[in-house]
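Trainee: this one's sequence-less:
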Ligand code: PMP
(Lines give C-alpha, C1' and ligand atoms only; values in the text may rest on other atoms or scores of the structure.)
Protein backbone atom coordinates (compact mmCIF):
# COMPACT_ATOMS: atom_id res chain seq x y z
CA UNK A 1 0.00 0.00 0.00
CA UNK A 2 1.15 3.53 -0.73
CA UNK A 3 1.37 6.07 2.09
CA UNK A 4 -1.90 7.61 0.97
CA UNK A 5 -3.68 4.28 0.80
CA UNK A 6 -2.41 3.46 4.27
CA UNK A 7 -3.71 6.79 5.58
CA UNK A 8 -7.13 6.11 4.04
CA UNK A 9 -7.11 2.61 5.52
CA UNK A 10 -6.19 4.04 8.91
CA UNK A 11 -9.05 6.51 8.79
CA UNK A 12 -11.54 3.78 7.92
CA UNK A 13 -10.24 1.58 10.74
CA UNK A 14 -10.26 4.46 13.24
CA UNK A 15 -13.87 5.28 12.44
CA UNK A 16 -14.94 1.62 12.75
CA UNK A 17 -13.10 1.51 16.07
CA UNK A 18 -14.92 4.64 17.30
CA UNK A 19 -18.24 3.05 16.33
CA UNK A 20 -17.32 -0.05 18.32
CA UNK A 21 -16.47 2.01 21.38
CA UNK A 22 -19.97 3.50 21.24
CA UNK A 23 -21.52 0.02 21.40
CA UNK A 24 -20.24 -0.41 24.97
CA UNK A 25 -19.44 -4.09 24.51
CA UNK A 26 -18.75 -6.33 27.46
CA UNK A 27 -17.05 -9.43 26.10
CA UNK A 28 -14.51 -11.76 27.65
CA UNK A 29 -12.25 -14.22 25.87
CA UNK A 30 -9.68 -14.58 28.63
CA UNK A 31 -9.76 -18.02 30.18
CA UNK A 32 -10.33 -21.48 28.73
CA UNK A 33 -13.36 -22.37 30.78
CA UNK A 34 -15.96 -24.81 29.44
CA UNK A 35 -19.31 -23.18 28.69
CA UNK A 36 -22.47 -23.66 30.74
CA UNK A 37 -23.79 -26.05 28.08
CA UNK A 38 -20.59 -28.10 28.29
CA UNK A 39 -20.65 -28.58 32.04
CA UNK A 40 -24.36 -29.40 31.80
CA UNK A 41 -23.42 -32.46 29.72
CA UNK A 42 -22.32 -34.07 32.99
CA UNK A 43 -25.26 -33.12 35.18
CA UNK A 44 -26.13 -36.81 35.51
CA UNK A 45 -23.12 -37.14 37.83
CA UNK A 46 -25.30 -35.68 40.52
CA UNK A 47 -27.14 -38.54 42.15
CA UNK A 48 -25.75 -41.21 39.83
CA UNK A 49 -24.72 -43.46 42.72
CA UNK A 50 -28.37 -43.86 43.69
CA UNK A 51 -27.42 -45.05 47.17
CA UNK A 52 -24.90 -47.66 45.91
CA UNK A 53 -21.62 -46.56 47.44
CA UNK A 54 -19.73 -49.81 46.92
CA UNK A 55 -16.72 -49.91 44.61
CA UNK A 56 -16.10 -53.05 42.57
CA UNK A 57 -13.97 -54.60 45.34
CA UNK A 58 -16.63 -53.87 47.97
CA UNK A 59 -14.96 -50.72 49.34
CA UNK A 60 -17.44 -48.31 50.92
CA UNK A 61 -16.42 -45.08 49.19
CA UNK A 62 -18.07 -43.02 51.90
CA UNK A 63 -15.30 -43.93 54.31
CA UNK A 64 -11.60 -43.09 54.71
CA UNK A 65 -8.78 -44.87 52.94
CA UNK A 66 -7.44 -45.75 49.51
CA UNK A 67 -4.72 -43.09 49.32
CA UNK A 68 -3.96 -43.64 45.65
CA UNK A 69 -7.50 -44.12 44.37
CA UNK A 70 -10.08 -46.73 43.42
CA UNK A 71 -8.85 -49.52 41.12
CA UNK A 72 -11.67 -48.90 38.62
CA UNK A 73 -10.83 -45.18 38.48
CA UNK A 74 -7.17 -46.05 37.85
CA UNK A 75 -8.27 -48.39 35.07
CA UNK A 76 -10.42 -45.72 33.41
CA UNK A 77 -7.90 -42.89 33.56
CA UNK A 78 -4.89 -45.11 32.77
CA UNK A 79 -6.43 -45.43 29.31
CA UNK A 80 -6.35 -41.65 28.87
CA UNK A 81 -2.64 -41.49 29.69
CA UNK A 82 -1.93 -44.77 27.87
CA UNK A 83 -0.30 -46.25 30.94
CA UNK A 84 -0.96 -49.42 32.94
CA UNK A 85 -3.48 -48.98 35.76
CA UNK A 86 -0.89 -49.76 38.44
CA UNK A 87 1.20 -46.80 37.27
CA UNK A 88 -1.64 -44.37 38.13
CA UNK A 89 -2.46 -42.41 41.26
CA UNK A 90 -5.82 -40.70 41.56
CA UNK A 91 -5.74 -37.34 43.31
CA UNK A 92 -8.35 -34.82 44.27
CA UNK A 93 -10.12 -32.31 42.07
CA UNK A 94 -7.13 -30.62 40.41
CA UNK A 95 -4.19 -31.84 38.35
CA UNK A 96 -2.49 -28.51 38.97
CA UNK A 97 -2.45 -29.36 42.68
CA UNK A 98 -0.74 -32.69 41.87
CA UNK A 99 1.85 -30.90 39.72
CA UNK A 100 2.55 -28.40 42.47
CA UNK A 101 2.83 -31.23 45.00
CA UNK A 102 5.34 -33.19 42.87
CA UNK A 103 7.58 -30.15 42.39
CA UNK A 104 7.31 -29.13 46.03
CA UNK A 105 8.22 -32.69 47.05
CA UNK A 106 11.20 -32.84 44.67
CA UNK A 107 12.43 -29.47 45.95
CA UNK A 108 12.03 -30.06 49.66
CA UNK A 109 12.39 -33.80 50.20
CA UNK A 110 13.88 -35.18 46.99
CA UNK A 111 12.40 -37.81 44.73
CA UNK A 112 15.27 -40.19 45.54
CA UNK A 113 15.89 -39.33 49.16
CA UNK A 114 17.11 -36.20 50.95
CA UNK A 115 20.40 -35.93 49.02
CA UNK A 116 18.43 -35.62 45.81
CA UNK A 117 16.31 -32.64 46.95
CA UNK A 118 16.59 -29.90 44.35
CA UNK A 119 16.55 -27.39 47.18
CA UNK A 120 20.10 -28.53 48.13
CA UNK A 121 21.38 -26.60 45.10
CA UNK A 122 21.61 -22.83 44.85
CA UNK A 123 20.10 -22.88 41.40
CA UNK A 124 17.08 -24.84 40.19
CA UNK A 125 15.90 -24.31 36.63
CA UNK A 126 13.02 -25.55 34.47
CA UNK A 127 12.75 -25.58 30.71
CA UNK A 128 9.57 -23.83 29.60
CA UNK A 129 8.44 -24.24 26.00
CA UNK A 130 7.02 -20.87 24.89
CA UNK A 131 4.34 -19.86 24.40
CA UNK A 132 3.04 -22.02 27.23
CA UNK A 133 0.57 -22.25 30.12
CA UNK A 134 0.72 -19.36 32.57
CA UNK A 135 -0.19 -21.46 35.61
CA UNK A 136 2.78 -23.78 35.01
CA UNK A 137 5.02 -20.74 34.96
CA UNK A 138 3.35 -19.35 38.06
CA UNK A 139 4.20 -22.55 40.00
CA UNK A 140 7.88 -22.15 39.10
CA UNK A 141 7.90 -18.48 39.96
CA UNK A 142 6.17 -19.10 43.28
CA UNK A 143 8.64 -21.84 44.26
CA UNK A 144 11.71 -19.87 43.18
CA UNK A 145 12.54 -22.02 40.15
CA UNK A 146 14.26 -20.12 37.36
CA UNK A 147 12.51 -20.52 34.03
CA UNK A 148 14.46 -21.01 30.82
CA UNK A 149 12.31 -20.52 27.71
CA UNK A 150 12.69 -22.84 24.72
CA UNK A 151 10.83 -22.29 21.44
CA UNK A 152 7.72 -24.25 20.55
CA UNK A 153 7.66 -25.53 16.99
CA UNK A 154 4.75 -27.09 15.09
CA UNK A 155 6.15 -30.47 16.21
CA UNK A 156 6.44 -29.54 19.90
CA UNK A 157 9.37 -28.08 21.84
CA UNK A 158 12.57 -27.42 19.86
CA UNK A 159 14.30 -30.64 20.88
CA UNK A 160 17.73 -29.62 19.57
CA UNK A 161 17.65 -26.69 21.99
CA UNK A 162 16.19 -28.83 24.80
CA UNK A 163 18.83 -31.58 24.51
CA UNK A 164 21.67 -29.06 24.34
CA UNK A 165 20.47 -27.20 27.43
CA UNK A 166 19.81 -30.34 29.47
CA UNK A 167 23.24 -31.79 28.60
CA UNK A 168 25.04 -28.52 29.39
CA UNK A 169 23.38 -27.40 32.62
CA UNK A 170 22.86 -29.75 35.60
CA UNK A 171 20.78 -27.04 37.31
CA UNK A 172 17.98 -27.84 34.86
CA UNK A 173 15.83 -30.18 36.91
CA UNK A 174 12.65 -30.29 34.91
CA UNK A 175 10.59 -29.28 31.93
CA UNK A 176 6.93 -28.47 31.28
CA UNK A 177 5.05 -30.14 28.45
CA UNK A 178 1.43 -30.04 27.24
CA UNK A 179 1.86 -32.68 24.57
CA UNK A 180 -1.54 -32.86 22.86
CA UNK A 181 -3.30 -29.66 21.76
CA UNK A 182 -0.75 -27.68 23.69
CA UNK A 183 -1.85 -24.65 25.65
CA UNK A 184 -1.87 -22.29 23.81
CA UNK A 185 -0.54 -23.25 20.34
CA UNK A 186 -2.79 -26.31 19.92
CA UNK A 187 0.04 -28.33 18.38
CA UNK A 188 0.39 -32.07 18.95
CA UNK A 189 3.93 -33.26 19.71
CA UNK A 190 5.24 -35.39 16.86
CA UNK A 191 6.28 -39.01 17.31
CA UNK A 192 9.95 -37.95 16.96
CA UNK A 193 9.52 -35.31 19.69
CA UNK A 194 7.94 -37.85 22.07
CA UNK A 195 10.77 -40.27 21.34
CA UNK A 196 13.40 -37.63 22.11
CA UNK A 197 11.57 -36.50 25.27
CA UNK A 198 11.65 -40.09 26.47
CA UNK A 199 15.43 -40.08 26.11
CA UNK A 200 16.00 -36.92 28.18
CA UNK A 201 16.17 -39.09 31.28
CA UNK A 202 19.36 -40.62 29.85
CA UNK A 203 20.93 -37.21 29.15
CA UNK A 204 19.93 -35.48 32.39
CA UNK A 205 20.79 -36.36 35.98
CA UNK A 206 18.56 -38.90 37.73
CA UNK A 207 16.72 -36.10 39.56
CA UNK A 208 15.35 -34.66 36.30
CA UNK A 209 11.57 -34.63 35.88
CA UNK A 210 9.52 -34.16 32.76
CA UNK A 211 6.19 -32.60 33.85
CA UNK A 212 4.00 -34.06 31.11
CA UNK A 213 0.63 -32.37 31.53
CA UNK A 214 -1.71 -34.18 29.18
CA UNK A 215 -4.66 -31.93 30.08
CA UNK A 216 -6.14 -32.19 26.57
CA UNK A 217 -5.42 -35.88 25.90
CA UNK A 218 -8.94 -36.64 24.62
CA UNK A 219 -10.12 -33.12 23.74
CA UNK A 220 -10.42 -33.44 19.99
CA UNK A 221 -12.53 -31.08 17.87
CA UNK A 222 -12.47 -33.37 14.83
CA UNK A 223 -12.49 -37.17 14.64
CA UNK A 224 -9.34 -37.17 12.51
CA UNK A 225 -7.27 -35.03 14.94
CA UNK A 226 -3.64 -36.13 15.21
CA UNK A 227 -2.99 -38.84 17.79
CA UNK A 228 -0.16 -38.56 20.30
CA UNK A 229 2.50 -41.27 20.44
CA UNK A 230 2.76 -43.03 23.81
CA UNK A 231 5.46 -41.49 25.99
CA UNK A 232 5.12 -44.36 28.44
CA UNK A 233 5.95 -46.95 25.76
CA UNK A 234 8.94 -44.90 24.61
CA UNK A 235 10.21 -44.51 28.19
CA UNK A 236 9.87 -48.26 28.73
CA UNK A 237 12.05 -48.84 25.68
CA UNK A 238 14.66 -46.33 26.83
CA UNK A 239 14.58 -47.27 30.52
CA UNK A 240 13.58 -43.75 31.59
CA UNK A 241 10.24 -44.20 33.35
CA UNK A 242 11.66 -42.54 36.48
CA UNK A 243 12.19 -39.26 34.60
CA UNK A 244 8.53 -38.62 33.81
CA UNK A 245 5.36 -37.63 35.66
CA UNK A 246 2.21 -37.54 33.53
CA UNK A 247 -0.93 -35.67 34.55
CA UNK A 248 -4.55 -35.37 33.52
CA UNK A 249 -7.95 -34.51 34.91
CA UNK A 250 -11.62 -34.43 34.03
CA UNK A 251 -11.83 -30.66 34.58
CA UNK A 252 -12.68 -30.14 30.91
CA UNK A 253 -14.55 -33.43 30.58
CA UNK A 254 -17.09 -33.30 33.42
CA UNK A 255 -17.12 -30.42 35.93
CA UNK A 256 -14.27 -27.90 35.89
CA UNK A 257 -12.77 -27.83 39.36
CA UNK A 258 -15.09 -30.59 40.58
CA UNK A 259 -13.77 -33.47 38.54
CA UNK A 260 -11.08 -36.06 39.19
CA UNK A 261 -7.33 -35.48 38.76
CA UNK A 262 -4.75 -38.20 38.24
CA UNK A 263 -1.08 -38.75 37.54
CA UNK A 264 1.09 -41.59 36.35
CA UNK A 265 4.74 -42.40 36.93
CA UNK A 266 7.23 -45.19 37.68
CA UNK A 267 6.80 -47.55 40.66
CA UNK A 268 9.69 -45.83 42.51
CA UNK A 269 8.27 -42.33 41.95
CA UNK A 270 4.76 -43.36 42.94
CA UNK A 271 5.99 -45.07 46.11
CA UNK A 272 8.01 -42.01 47.15
CA UNK A 273 5.20 -39.59 46.38
CA UNK A 274 2.59 -41.73 48.13
CA UNK A 275 4.66 -41.90 51.29
CA UNK A 276 4.82 -38.08 51.26
CA UNK A 277 1.12 -37.75 50.42
CA UNK A 278 0.26 -39.87 53.44
CA UNK A 279 1.20 -36.95 55.64
CA UNK A 280 -1.24 -34.65 53.87
CA UNK A 281 -4.32 -36.81 53.47
CA UNK A 282 -6.04 -39.90 54.82
CA UNK A 283 -7.42 -40.46 51.37
CA UNK A 284 -8.98 -38.70 48.37
CA UNK A 285 -12.66 -38.16 47.51
CA UNK A 286 -13.57 -41.67 46.41
CA UNK A 287 -17.26 -40.78 46.14
CA UNK A 288 -16.45 -38.47 43.26
CA UNK A 289 -14.16 -41.09 41.72
CA UNK A 290 -16.96 -43.67 41.77
CA UNK A 291 -19.44 -41.16 40.37
CA UNK A 292 -17.05 -40.54 37.48
CA UNK A 293 -16.52 -44.25 36.85
CA UNK A 294 -20.27 -44.87 36.76
CA UNK A 295 -20.91 -41.81 34.59
CA UNK A 296 -18.10 -42.22 32.06
CA UNK A 297 -18.07 -46.01 32.04
CA UNK A 298 -15.21 -46.84 29.72
CA UNK A 299 -13.16 -45.41 26.86
CA UNK A 300 -16.22 -45.51 24.60
CA UNK A 301 -18.36 -43.60 27.08
CA UNK A 302 -15.61 -41.04 27.44
CA UNK A 303 -15.27 -40.68 23.66
CA UNK A 304 -19.04 -40.18 23.31
CA UNK A 305 -18.99 -37.37 25.87
CA UNK A 306 -15.98 -35.74 24.22
CA UNK A 307 -17.89 -35.86 20.93
CA UNK A 308 -20.66 -33.79 22.55
CA UNK A 309 -18.12 -31.28 23.83
CA UNK A 310 -16.67 -31.04 20.33
CA UNK A 311 -20.11 -30.24 18.90
CA UNK A 312 -20.34 -27.25 21.22
CA UNK A 313 -16.73 -26.12 20.81
CA UNK A 314 -16.25 -26.58 17.06
CA UNK A 315 -18.54 -23.74 15.90
CA UNK A 316 -16.78 -21.34 18.30
CA UNK A 317 -13.33 -22.27 17.02
CA UNK A 318 -14.50 -22.15 13.42
CA UNK A 319 -16.08 -18.73 13.94
CA UNK A 320 -12.79 -17.27 15.17
CA UNK A 321 -10.74 -18.96 12.48
CA UNK A 322 -13.11 -17.87 9.69
CA UNK A 323 -12.94 -14.27 10.83
CA UNK A 324 -9.13 -14.35 11.15
CA UNK A 325 -8.94 -15.90 7.69
CA UNK A 326 -11.32 -13.38 6.11
CA UNK A 327 -9.83 -10.32 7.78
CA UNK A 328 -6.15 -11.07 8.19
CA UNK A 329 -4.99 -13.89 5.89
CA UNK A 330 -2.30 -12.70 3.51
CA UNK A 331 -1.98 -9.26 5.15
CA UNK A 332 1.24 -10.05 7.03
CA UNK A 333 -0.41 -8.64 10.15
CA UNK A 334 -0.45 -11.89 12.09
CA UNK A 335 0.04 -15.63 12.16
CA UNK A 336 -2.00 -18.35 13.78
CA UNK A 337 -2.55 -22.09 13.71
CA UNK A 338 -5.85 -23.94 13.27
CA UNK A 339 -5.87 -26.41 16.14
CA UNK A 340 -7.71 -29.73 15.79
CA UNK A 341 -8.41 -29.93 19.50
CA UNK A 342 -7.82 -28.32 22.87
CA UNK A 343 -9.12 -24.98 24.09
CA UNK A 344 -7.05 -22.25 22.49
CA UNK A 345 -6.03 -20.41 19.37
CA UNK A 346 -2.61 -18.83 19.57
CA UNK A 347 -2.13 -15.63 17.56
CA UNK A 348 1.14 -13.84 16.85
CA UNK A 349 0.93 -10.17 15.93
CA UNK A 350 3.79 -8.36 14.23
CA UNK A 351 6.56 -7.90 16.82
CA UNK A 352 5.84 -5.22 19.39
CA UNK A 353 2.06 -5.14 19.01
CA UNK A 354 0.50 -7.71 21.34
CA UNK A 355 0.14 -5.36 24.31
CA UNK A 356 -1.25 -2.63 22.05
CA UNK A 357 -3.84 -4.99 20.56
CA UNK A 358 -4.96 -6.23 23.98
CA UNK A 359 -5.29 -2.63 25.19
CA UNK A 360 -7.20 -1.53 22.09
CA UNK A 361 -9.63 -4.41 22.65
CA UNK A 362 -9.96 -3.67 26.37
CA UNK A 363 -10.75 -0.03 25.63
CA UNK A 364 -13.84 -1.08 23.65
CA UNK A 365 -14.98 -3.61 26.24
CA UNK A 366 -13.33 -6.81 25.00
CA UNK A 367 -11.17 -8.63 27.56
CA UNK A 368 -8.37 -10.77 26.13
CA UNK A 369 -5.74 -12.82 28.01
CA UNK A 370 -3.04 -10.29 28.97
CA UNK A 371 -0.21 -10.09 26.46
CA UNK A 372 2.86 -11.84 27.83
CA UNK A 373 0.82 -14.27 29.96
CA UNK A 374 1.99 -17.17 27.81
CA UNK A 375 5.65 -16.48 28.69
CA UNK A 376 7.67 -16.96 31.91
CA UNK A 377 7.53 -13.87 34.12
CA UNK A 378 4.87 -12.46 31.77
CA UNK A 379 7.68 -11.39 29.45
CA UNK A 380 7.16 -12.05 25.75
CA UNK A 381 10.40 -10.66 24.33
CA UNK A 382 8.75 -10.12 20.94
CA UNK A 383 5.52 -8.72 22.46
CA UNK A 384 3.69 -10.76 19.88
CA UNK A 385 1.70 -13.69 21.31
CA UNK A 386 -1.97 -13.49 22.28
CA UNK A 387 -4.00 -16.48 23.49
CA UNK A 388 -7.61 -16.60 22.35
CA UNK A 389 -9.97 -18.80 24.37
CA UNK A 390 -13.31 -19.18 22.56
CA UNK A 391 -14.93 -21.93 24.67
CA UNK A 392 -16.94 -20.01 27.26
CA UNK A 393 -18.88 -17.15 25.59
CA UNK A 394 -21.93 -17.70 23.38
CA UNK A 395 -21.30 -18.20 19.67
CA UNK A 396 -22.59 -14.67 18.95
CA UNK A 397 -20.20 -13.22 21.52
CA UNK A 398 -17.30 -15.23 20.15
CA UNK A 399 -18.04 -13.87 16.68
CA UNK A 400 -18.33 -10.31 17.94
CA UNK A 401 -15.10 -10.66 19.91
CA UNK A 402 -13.19 -12.10 16.97
CA UNK A 403 -14.34 -9.20 14.79
CA UNK A 404 -13.18 -6.66 17.35
CA UNK A 405 -9.91 -8.55 17.71
CA UNK A 406 -9.24 -8.55 13.96
CA UNK A 407 -10.02 -4.83 13.79
CA UNK A 408 -7.65 -4.09 16.68
CA UNK A 409 -4.88 -6.12 15.01
CA UNK A 410 -5.37 -4.16 11.78
CA UNK A 411 -5.50 -0.83 13.53
CA UNK A 412 -2.34 -1.51 15.53
CA UNK A 413 -0.53 -2.83 12.44
CA UNK A 414 -1.45 0.10 10.20
CA UNK A 415 -0.53 2.62 12.88
CA UNK A 416 2.82 0.85 13.29
CA UNK A 417 3.47 0.90 9.56
CA UNK A 418 2.66 4.57 9.30
CA UNK A 419 4.94 5.27 12.24
CA UNK A 420 7.63 3.63 10.11
CA UNK A 421 8.71 0.71 12.28
N1 LIG B 1 -3.10 -28.01 32.63
C2 LIG B 1 -3.42 -27.30 31.55
C3 LIG B 1 -2.51 -27.32 30.37
C4 LIG B 1 -4.58 -26.52 31.53
O5 LIG B 1 -4.88 -25.79 30.45
C6 LIG B 1 -5.43 -26.53 32.67
C7 LIG B 1 -6.72 -25.76 32.77
N8 LIG B 1 -7.01 -24.85 31.92
C9 LIG B 1 -5.05 -27.26 33.78
C10 LIG B 1 -3.89 -28.01 33.74
C11 LIG B 1 -5.85 -27.26 35.05
O12 LIG B 1 -6.30 -28.51 35.33
P13 LIG B 1 -7.03 -28.87 36.70
O14 LIG B 1 -8.37 -28.24 36.69
O15 LIG B 1 -7.07 -30.36 36.68
O16 LIG B 1 -6.17 -28.36 37.83
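Mentor: Cool, got the structure. None of the values given here were measured: they were computed from a predicted structure.
Trainee: which secondary structure elements does the helix or strand hosting residue 105 contact?
Mentor: Using DSSP states H and E, residue 105 maps to helix 95-108. Using 3 or more CB pairs under 8 Å, 6 or more residues apart in numbering; DSSP states H and E as the contact test, the elements touching helix 95-108 are helix 134-142, strand 172-177, strand 209-213, strand 244-249, strand 261-264, helix 267-277. In this view, the C-beta of every residue, glycine as well, is placed from N, C-alpha and C.
Trainee: for residue 345, find the nearest of those.
Mentor: Residue 345 sits nearest to helix 134-142 of all the helices and strands packed on helix 95-108, at 15.9 Å, using CB to CB.
Trainee: give the buried residues for the closest one.
Mentor: Counting neighbours by 16 or more other CB atoms under 10 Å, one finds that the buried residues in helix 134-142 are 134, 136, 137, 138, 139, 140.
Trainee: how's the chain carved up into domains?
Mentor: If you go by automatic domain parsing, the domain ranges for the chain are 3-30+303-418, 54-297.
Trainee: do you know which of the helices and strands packed on helix 95-108 lies nearest residue 362?
Mentor: Nearest of those to residue 362, taken as CB to CB: helix 134-142 at 17.6 Å.
Trainee: would CSV of the domains of the chain with mean pLDDT and distance to residue 45 be doable?
Mentor: Rendered in CSV, the data for the domains of the chain read as follows (pLDDT from 0 to 100; distance: least, CB to CB, whole Å):
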stretch, mean pLDDT, distance to residue 45
domain 3-30+303-418, 96, 11
domain 54-297, 97, 5
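Trainee: the ligand is nearest to which of the ones you listed?
Mentor: The closest of these to the ligand is domain 54-297. By CB to the nearest ligand atom, the value is 3.1 Å.
Trainee: let me know whether that closest one sits next to the ligand.
Mentor: Yes - Domain 54-297 reaches the ligand (CB under 6 Å from any ligand atom) through 94, 95, 96, 133, 178, 183, 213, 215, 249, 251, 257, 261.
Trainee: what is the burial count for the fourth one?
Mentor: So the one you mean is residue 133. Close neighbours of residue 133, defined as other CB atoms under 10 Å, add up to 23.
Trainee: for it, give me its contacts.
Mentor: Applying CB atoms under 8 Å, 6 or more residues apart in numbering to residue 133 gives the contacts 176, 178, 183, 184, 213, 374.
Trainee: the fifth one reaches residue 175, doesn't it?
Mentor: If I follow you right, that is residue 213. No - here residue 213 does not reach residue 175: they are 10.8 Å apart, not a contact under CB atoms under 8 Å.
Trainee: can you pull the contacts of the residue nearest to residue 336 when sequence neighbours are not counted?
Mentor: Leaving out its chain neighbours, the residue that sits closest to residue 336 by CB to CB, 6 or more residues apart in numbering is residue 347, at 4.6 Å. With contact taken as CB under 8 Å, 6+ apart, residue 347 is in contact with 324, 334, 335, 336, 385, 386, 387, 388, 405, 409.
Trainee: from those residues, which land in helices?
Mentor: Counting by DSSP state H, the part of the contacts of residue 347 found in helices is 324, 405, 409.
Trainee: what distance do you get for the closest residue to the first one other than its chain neighbours to residue 216?
Mentor: Nearest-residue entry for residue 324: residue 336, 5.8 Å, with adjacent residues in sequence omitted and distances by CB to CB, 6+ apart. Applying CB to CB, to the nearest Å, one obtains 18 Å for the distance of residue 336 from residue 216.
Trainee: is it fair to say residue 149 lies in a strand?
Mentor: Yes - with the criterion set as DSSP: H, G, I helix; E, B strand; the rest coil, the secondary structure at residue 149 is a strand.
Trainee: wait, it sits on residue 128?
Mentor: Yes - under the criterion of CB under 8 Å, residue 149 makes contact with residue 128 at 5.4 Å.
Trainee: any common contacting residues for those two?
Mentor: Residues touching both residue 149 and residue 128 comprise residue 376, with contact defined as CB under 8 Å, 6+ apart.
Trainee: so between the two, which is more surrounded?
Mentor: residue 128 (26 against 19).
Trainee: so where does the more buried one fall, helix or strand?
Mentor: Taking DSSP H and E as the definition, one finds residue 128 inside strand 125-130.
Trainee: show me what that strand is packed up against.
Mentor: In this structure, strand 125-130 packs against helix 134-142, strand 146-153, strand 156-157, helix 159-168, strand 172-177, with contacts taken as 3+ CB pairs under 8 Å, 6+ apart.
Trainee: may I see these arranged in a markdown table, with distance to residue 229 as well?
Mentor: Rendered in a markdown table, the data for those read as follows (distance: least, CB to CB, whole Å):
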| stretch | distance to residue 229 |
| --- | --- |
| helix 134-142 | 22 |
| strand 146-153 | 16 |
| strand 156-157 | 11 |
| helix 159-168 | 14 |
| strand 172-177 | 13 |
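Trainee: tell me which of the ones you listed lies nearest to residue 367.
Mentor: helix 134-142 (15.1 Å).
Trainee: contacting residues around that closest one?
Mentor: Residues outside helix 134-142 that contact it (CB under 8 Å, 6+ apart): 96, 99-100, 103, 126, 128, 145-147, 176, 211, 213, 373-378.
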